[in-house]
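>>> 3D, please:
(chains A and B)
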Amino acid sequence: MSASELVITAKQGFSDFELDLNAALPLQGVTAIFGPSGSGKTSLLNIVAGNLRPRGGRVVFGDEVWQQSDPGVWVPPHRRGVGLVFQDGQLFPHLSVRGNLDFAAKRAPDAGAGHAFRDIIAAMDLGDLLDRNPQTLSGGEKQRVAIARSLLTRPKLLLLDEPLSALDSARKAELLPFLETLKSQFNIPTLYVSHDVDEVSRIADRVLMLKAGKVAGFGPTDDVLSRFGLQAGRNPYEHTSTLLGIVDEPSPDTDLLAVRVGQGQIWLASDLALKPGTDIQLKISARDVSIATVRPEQISIQNMIEAEIVGIEQAKRPAFQTVALSVYGQRLDAVITRKAVSDLALRPGGKVYALIKSATFHP
Amino acid sequence: MSLPDLSALWLTLQLALITTLVLLIIGTPIAWWLAQTRSRMKPVFEAFIALPLVLPPTVLGFYLLIAMSPDTWLGGFWVSVTGDTLSFSFAGLVIGSVIYSLPFMIQPLQTAFEGPVKQAMQTAASLRASPLDAFFSVAVPMSVRGFITAIVLSFAHTLGEFGVVLMVGGNIPERTRTISIEIYEHVETLNYGDAHALSAILLLVSFFTLLSVFMFNKRYPAHVRV
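Okay, here's the model as predicted:
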């Protein structure tokens, strides 16, 4: 076994899924733990941090054994030197920002050179926040404090549990550069849990792909992402809009479910026989929405609905723009090319037709 | 009208203070255990601790009196160590009051220790704080309201206790005669003047104790997770 690997072996049944992990991760750079929710990403972090103790599991960090069953070894969480940053930062509410940072600094081991308090404050740009109360911080600020607080304990390993997931897209864009700083300036081996392709492709050196509690792939970021047909800017789990609708009277000859959204109607292929009048939530990926300025005819897309443009902004990839539409008062996003926006002369206030290629739904 | 004999009031305050201190020391670890455990026995313990809320104090007092008699191991042990019986003694009153007020200490603390505190303990561990360190530096300050509520409820509940004290302690002046028993005595002997005075004192002490808690809680709001 190499001295610079984190080896994790764990097998445990949970109420909703079975975890069966076997991984050796290089202790170098950023390793993304990637997969849909419920795939076991957070369980893996908790096993490494020592918050979960699967029977018969084994965790070895370099040449330190953290968990082993025969002979039994168990290093409790506070002796592992693992910095764990949760989704919502988890700042201590009874301490100020400075108090939170001091809490960590006081408990850092003396041995070994660490980064100075003020370097870390500067890197995370916390100078103006030190005397604030955590409850008054924005989501992104909380995360920066939480990351700085972890760094101050001089961790041997950083675990970031979806640090951006609680933030809206503008805040995400603000925080991402800090995560890149974290990587380049502090060089602490990091496990980064995420289900966002964009984040992973920007930050991770390699990806451990999890599916239903098992390792589905492991390797350099681009290899793994392309093997699973994932690419930045086309996120399988995010940027969807939600439209609320009501199930209409069925039309037996089409085998389709009719859903009323405002005065418009959307057809869905469904095996579920839902009662007319049922409320229904439609999840529509922004990629599956096209825009037409006149009502198209002779087209296979059946779902077209009148909409008004309320805003246009740059999407994540330069060639694309996000067009925010209002559909009978509900927000529907479309991601289309910048060229299309200019060719069709789309602008806020314009009346258009939204063409919806597909939708998933939850009654 | 002369001032009534206040020895019963002092005895009661002493009893309430000592009971609350004992409860704080034994109740905190029990509440912590209940908040953390995944044991299937948890509901059994919870039901047992809540018993004094529903049981008539006389029933509780009766069992305690039996348990404290010198024939039992507890009562016998006490006699062999102190040379005195546990029943009809101040120490016996403290034991009775501790059991009687146990739920008033444990339940607010258990509630405070559940929820955000649990996750905060994991966070503290990832910041290299040992469990004991994290308990005092994170769990306790995050649970200040729970502690204040628990302490005041236990104190106030012990102040007003009657049935258990009467059963276990009897009615021995300056030893086991607490204020509620003294008032009962005055009423029995138609000495309404002293009953009035002592009742008013107990009423005011109780009211201002509770008032201070509510004012404190207003000034020190619960930690809201945003």
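>>> just the helices in the chain please.
Using chain A here. A:41-49, A:97-106, A:117-123, A:139-152, A:169-181, A:197-203, A:221-227, A:338-343 (DSSP state H).
>>> I was after chain B.
Using DSSP H, helices in chain B cover B:7-36, B:42-54, B:57-68, B:73-82, B:90-113, B:116-126, B:131-134, B:140-142, B:144-159, B:163-169, B:179-188, B:192-219.
>>> I'd like to know which of those helices is closest to A:Asn51.
Closest of those to A:Asn51 is helix B:116-126, at 5.3 Å (criterion: CB to CB). From N, CA and C alone the C-beta is placed, and that goes for glycine too.
>>> Which residues does the closest one contact?
For helix B:116-126, the surrounding residues in contact (CB atoms under 8 Å, 6 or more residues apart in numbering or on different chains) are A:49-51, A:76-78, A:82-84, A:86, A:90, A:92-93, A:103, A:150, A:153, A:159, B:35-36, B:131, B:133-135, B:137-139, B:142-143, B:223, B:225.
>>> which among these end up buried?
A:49-51, A:77-78, A:82-84, A:86, A:90, A:92-93, A:103, A:150, A:153, A:159, B:35, B:134-135, B:137-139, B:142-143, B:223 (16 or more other CB atoms under 10 Å in any protein chain shown).
>>> Keep only those of those that are in strands.
Judged by DSSP state E, strands contain the following of the buried ones among the contacts of helix B:116-126: A:Val82, A:Gly83, A:Leu84, A:Leu159.
>>> State the pLDDT value of the residue lying closest to the third one once chain neighbours are set aside.
Counting by CB to CB, 6 or more residues apart in numbering or on different chains, A:Leu84 lies nearest to B:Ser126, which is 3.8 Å off, once chain neighbours are set aside. What the model reports as pLDDT for B:Ser126 is 93.
>>> got the contact list for residue 86?
No chain in the question, so chain A it is. A:Ala146, A:Asp161, B:Gln119, B:Thr123.
>>> You answered for a different chain; I wanted chain B.
By CB under 8 Å, 6+ apart, the residues touching B:Leu86 are B:Met68, B:Pro70, B:Leu74, B:Gly75, B:Trp78, B:Val79, B:Gly92, B:Ile95.
>>> what about B:Asn171, neighbour count?
For B:Asn171, the neighbour count with other CB atoms under 10 Å in any protein chain shown is 15.
>>> Centre of the chain to stretch A:86-106, how far?
Taking CA atoms, centre = their mean, to the nearest Å, the mean C-alpha location of stretch A:86-106 is offset from the chain mean by 23 Å.
>>> could you dump that stretch to CSV, C-alpha only?
Only the C-alpha atoms of stretch A:86-106 are listed here, as CSV (Å, rounded to 0.1, in the frame of the first residue of the first chain):
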residue,chain,number,x,y,z
PHE,A,86,-20.9,21.0,5.9
GLN,A,87,-23.4,22.2,3.3
ASP,A,88,-24.6,25.1,5.5
GLY,A,89,-21.3,25.9,7.1
GLN,A,90,-22.4,24.9,10.6
LEU,A,91,-20.9,27.9,12.3
PHE,A,92,-21.4,27.9,16.1
PRO,A,93,-24.3,30.3,16.8
HIS,A,94,-23.1,31.3,20.2
LEU,A,95,-19.8,32.7,18.9
SER,A,96,-19.0,35.6,16.6
VAL,A,97,-17.1,35.0,13.4
ARG,A,98,-13.8,35.7,15.2
GLY,A,99,-14.9,33.4,18.1
ASN,A,100,-15.6,30.6,15.6
LEU,A,101,-12.1,31.1,14.0
ASP,A,102,-10.4,31.2,17.4
PHE,A,103,-12.2,28.1,18.5
ALA,A,104,-10.3,26.3,15.7
ALA,A,105,-7.0,28.1,16.0
LYS,A,106,-6.8,27.3,19.8
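>>> which of the residues in that stretch are buried?
A:86-98, A:100-105.
>>> Give me the nearest residue to A:Asp261, chain neighbours excluded.
I think there's a mix-up here, since residue A:261 is Val and not Asp. Spatial nearest neighbour of A:Val261, chain neighbours left out: A:Gly245 (4.3 Å); criterion: CB to CB, 6+ apart.
>>> For chain B, what lies in contact range of chain A?
For chain B, the contact set with chain A under CB under 8 Å from any CB of the partner chain comprises B:116, B:119-120, B:122-131, B:133-134, B:137-138, B:141-142, B:144, B:223-226.
>>> Could you tell me which of the contacts of A:Phe86 count as buried?
By neighbour count, with 16+ other CB under 10 Å, these hold A:Ala146, A:Asp161, B:Thr123 as buried.
>>> For B:Ala156, state which of those is nearest.
Comparing the buried ones among the contacts of A:Phe86 against B:Ala156 with CB to CB places B:Thr123 closest, at 34.8 Å.
>>> what separates the closest one from A:Ser165, distance-wise?
Using CB to CB, to the nearest Å, one obtains 17 Å as the distance from B:Thr123 to A:Ser165.
>>> follow-up on the earlier one: take the ones in strands among the buried ones among the contacts of helix B:116-126 and write them to a markdown table, including distance to B:Asn171.
Formatted as a markdown table, those follow (distance: CB to CB, whole Å):
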| residue | distance to B:Asn171 |
| --- | --- |
| A:Val82 | 62 |
| A:Gly83 | 63 |
| A:Leu84 | 59 |
| A:Leu159 | 64 |
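>>> May I see these organised as a markdown table, with distance to A:Glu180 and pLDDT added?
Shown next, in a markdown table, are those (distance: CB to CB, whole Å; pLDDT from 0 to 100):
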| residue | distance to A:Glu180 | pLDDT |
| --- | --- | --- |
| A:Val82 | 22 | 94 |
| A:Gly83 | 17 | 92 |
| A:Leu84 | 20 | 92 |
| A:Leu159 | 18 | 94 |
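>>> any idea which of these is the one closest to B:Phe45?
Using CB to CB, A:Leu84 comes nearest to B:Phe45 of those, at 31.2 Å.
>>> does that closest one have beta-bridge partners, and which?
A:Leu159 (DSSP bridges).
>>> list the contacts for it?
A:Leu45, A:Ala49, A:Asn51, A:Ser150, A:Leu159, A:Asp161, B:Gln122, B:Thr123, B:Ser126.
>>> pLDDT wise, what is the third one at?
Looking back up the chat, that one is A:Asn51. Confidence for A:Asn51, expressed as pLDDT, is 90.
>>> Good, we can wrap up now.
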